[in-house]
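Asks: Fold the following for me, if possible:
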Amino acid sequence: MKDDIVSEYLKEQLEQLKDNSEGAVADYIPELAHADPEPLSVAFCTVDGQVYAQGLREGDVDLEFSIQSMSKPFAYALALEEHTLDHVAQFVGMEPSGEAFNELSLDGETKRPMNPMINAGAITVNQLINGEESSVEDRVEKILSFFSELAGRELHIDQPTCDSELQTSDRNLSLAHMLRSYGMIQDTAHDAVDSYVQQCSIMVTVSDLSKMAATLANGGTHPVTGKRVCSNEVALQVQSVMASAGMYNGAGRWMASVGLPAKSGVSGGIIGTLPGRLGIAAFSPKLNENGNSVRAKKVFQRLNKHMGLHLMATEKRGRVAVRSITTVEDEKADKGITTVIRLQGDIDFNAAEKIWRAIREHEFESNSVILDLDKVDEINSVGGRMIREFRDRMIAAGMDLTVVDSDGVLAQ
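Replies: Residues are numbered from 1 along each chain as shown. Sure, this is the predicted structure:
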């Protein structure tokens, strides 16, 4: 019973997309234009620190890629931590723009960028970090240190990616000149873009991103290290803006089809948060016309379909699903004792994952087991699949298993 059911489920979802060849790698940044278009990976991090990562091919999970625009929510979080929402809001708004990520536009009245998820807003946010008088080097070091805390390991900047992106930064330089002309940034346009591009060139894996997203979902506390990285108020604000603007001019379609706060990057990644439950990341380099990864988006859509992730879904959400695990005397059982596993409530992915962990970690004193579902109210699609898999694996492992399910919830 030591096999990882969650990773197997994730691998199956990736296999369903292996023949999809839609989209193209970002060709306006030379380093990204030469990227291998084939990797496909996904990772979950639960708010209690369990990380599950799976790649379509060997090595996909461990592949590092530049964070690109997925850096924007985290830089926004750092700026909010250093200042206040009111101060940051003087320089960047929080309304969806409905425009492309690199559009040369500002709010007509305030001259602020519309939100921190488009490039104009992200450059402005970058310049707030470590104060207006900060050098590029000190600002980038502050950002790198914060991102490393979010990932739970020391990250680094890829210089070839940074140099490549700086060579093609004419549009971002135009944005920076425009921002400087209206007093939104104080640094020179070149230094502002240099700092921002270094931020985008920080290297991450899909597992790193899932932990970074899970920190936001967990109210600012890192689910693995236990360290508070940002306040609950900042995590809430960042996810709110992600929900409305994180997928650029595809944000409305994203919320309708997936329904999670999210952010994409042109290297091919997408992060999403299910507040209070999960951080999710998927990676595949080929992009659609909006600059979002085709296959990573489809991974999220498949997971939402099976797991009921949508924030507006009416599905009940299970948290404490294991009512008890006890040992009772049973003369007919092996060694005269039986282990009784009592489940309760509503069982979704999060609940089923916790049940499986509890079963794997329990030291069974005999091979006689009763799985009691009579206190279970409802089981969703992926929860039912996982419970049936537990049952089959326990039997295959030699357990004498009896399932008590008077209401037939497992068959629904």
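Asks: ok, the residue lying farthest from the centre of the chain to residue 371 distance?
Replies: Each residue of the chain has a distance to the centre, and by C-alpha atoms, centre = their mean the biggest one is for residue 331: 49.4 Å. Look at residue 331 and residue 371: by C-beta to C-beta, to the nearest Å, they are 20 Å apart. To be clear about C-beta, it is placed using only N, CA and C from the backbone, and glycine gets the same treatment.
Asks: Please apply the same query to residue 395.
Replies: Residue 395 is 11 Å from residue 371, by C-beta to C-beta.
Asks: rewinding a little: how near is the residue farthest from the centre of the chain to residue 47?
Replies: 43 Å.
Asks: sorry, back to before: which neighbours do residue 395 and residue 371 share?
Replies: Among the neighbours of residue 395, those also in contact with residue 371 (C-beta atoms under 8 Å, 6 or more residues apart in numbering) are residue 401.
Asks: Which one of the two is surrounded by more residues?
Replies: Under the criterion of other C-beta atoms under 10 Å, the comparison of residue 395 against residue 371 puts residue 371 first, with 22 against 12.
Asks: Contacts for the strand or helix carrying residue 88, please.
Replies: For residue 88, the host element (DSSP states H and E) is helix 85-89. With C-beta under 8 Å, 6+ apart as the test, helix 85-89 has contacts from 76, 79-80, 125, 128, 233, 237.
Asks: at 6 Å instead, please
Replies: With contact meaning C-beta atoms under 6 Å, 6 or more residues apart in numbering, helix 85-89 is reached by 79-80.
Asks: What is the subsequent helix or strand relative to it?
Replies: Using DSSP H and E, the next helix or strand after helix 85-89 towards the C-terminus is helix 119-128.
Asks: List phi and psi for the closest residue to residue 368 other than its chain neighbours.
Replies: Excluding its sequence neighbours, the residue lying closest to residue 368 (C-beta to C-beta, 6 or more residues apart in numbering) is residue 333, at 3.5 Å. Per-residue torsions, residue 333: phi -90, psi 160 (degrees, to the nearest 10).
Asks: So which bits of stretch 357-368 are buried?
Replies: Burial within stretch 357-368, assessed by neighbour count using 16 or more other C-beta atoms under 10 Å, is assigned to 359, 364, 366-368.
Asks: Mind putting those into a markdown table with pLDDT, distance to residue 146 and secondary structure?
Replies: Rendered in a markdown table, the data for the buried residues of stretch 357-368 read as follows (pLDDT from 0 to 100; distance: C-beta to C-beta, whole Å; DSSP: H, G, I helix; E, B strand; the rest coil):
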| residue | pLDDT | distance to residue 146 | secondary structure |
| --- | --- | --- | --- |
| 359 | 85 | 38 | helix |
| 364 | 88 | 44 | coil |
| 366 | 86 | 51 | coil |
| 367 | 90 | 50 | coil |
| 368 | 90 | 52 | strand |
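Asks: Looking at the residues you listed, which one is closest to residue 267?
Replies: Nearest to residue 267 out of the buried residues of stretch 357-368 is residue 359 (C-beta to C-beta; 37.9 Å).
Asks: State the helix or strand in which the residue sitting nearest the centre point of the chain lies.
Replies: For the chain, residue 280 is the residue whose C-alpha lies nearest the centre (C-alpha atoms, centre = their mean; 2.9 Å). In this structure, residue 280 sits in strand 278-283 according to DSSP H and E.
Asks: Would you mind listing the buried residues in that strand?
Replies: Across strand 278-283, burial judged by 16+ other C-beta under 10 Å covers 278-283.
Asks: all helices in the stretch 151-300 of the chain, in order from the N-terminus.
Replies: For the stretch 151-300 of the chain, helices defined by DSSP state H, counting those that start in this stretch occupy the ranges 159-167, 170-181, 189-200, 206-217, 232-245, 251-257, 294-307.
Asks: Please identify the deepest-packed of those helices.
Replies: helix 206-217 (a mean of 28; mean count of other C-beta atoms under 10 Å).
Asks: Helix 294-307 and that one, what's the angle between them?
Replies: 50 degrees (axes from the mean of the first three to the mean of the last three C-alpha atoms, to 10 degrees).
Asks: Name the residues that touch helix 206-217?
Replies: Outside of helix 206-217, the residues within contact range by C-beta under 6 Å, 6+ apart are 41, 43-45, 47, 51, 53, 150-152, 222-223, 229, 235, 238-239, 271, 273, 275, 279, 281, 283.
Asks: Please report the distance of residue 289 from residue 245.
Replies: With C-beta to C-beta as the criterion, residue 289 and residue 245 are 18 Å apart.
Asks: and if you look at residue 352?
Replies: For residue 352 relative to residue 245 (C-beta to C-beta), the value is 33 Å.
Asks: repeat for residue 224
Replies: 28 Å.
Asks: now do residue 101
Replies: According to C-beta to C-beta, residue 101 and residue 245 sit 10 Å apart.
Asks: Next, residue 378: phi, psi?
Replies: phi -160, psi 140.
Asks: Not counting its neighbours along the chain, what's nearest it?
Replies: The nearest residue in space to residue 378 (C-beta to C-beta, 6+ apart) is residue 346, at 4.7 Å.
Asks: that older thread, which residues sit against the strand holding residue 280?
Replies: 41-46, 206, 209-210, 213-214, 217, 268-273, 296, 299.
Asks: how far does that strand sit from the chain's center?
Replies: 3 Å (C-alpha atoms, centre = their mean, to the nearest Å).
Asks: Please save the CA atoms from it in CSV.
Replies: Output in CSV follows, covering the C-alpha atoms of strand 278-283 (Å, rounded to 0.1, in the frame of the first residue of the first chain):
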residue,chain,number,x,y,z
LEU,A,278,-4.2,23.8,-2.2
GLY,A,279,-1.6,25.4,-4.3
ILE,A,280,-1.4,24.0,-7.8
ALA,A,281,1.1,24.5,-10.6
ALA,A,282,1.3,23.1,-14.2
PHE,A,283,3.9,23.6,-16.8
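Asks: and the angle for that strand with helix 206-217?
Replies: 150 degrees.
Asks: Rounded mean pLDDT for strand 278-283, please.
Replies: If you average the pLDDT over strand 278-283, you get 97.
Asks: Name the strands paired with it and say parallel or antiparallel.
Replies: Strand 278-283 has the following strand partners under DSSP bridges: strand 41-46 (antiparallel), strand 269-274 (antiparallel).
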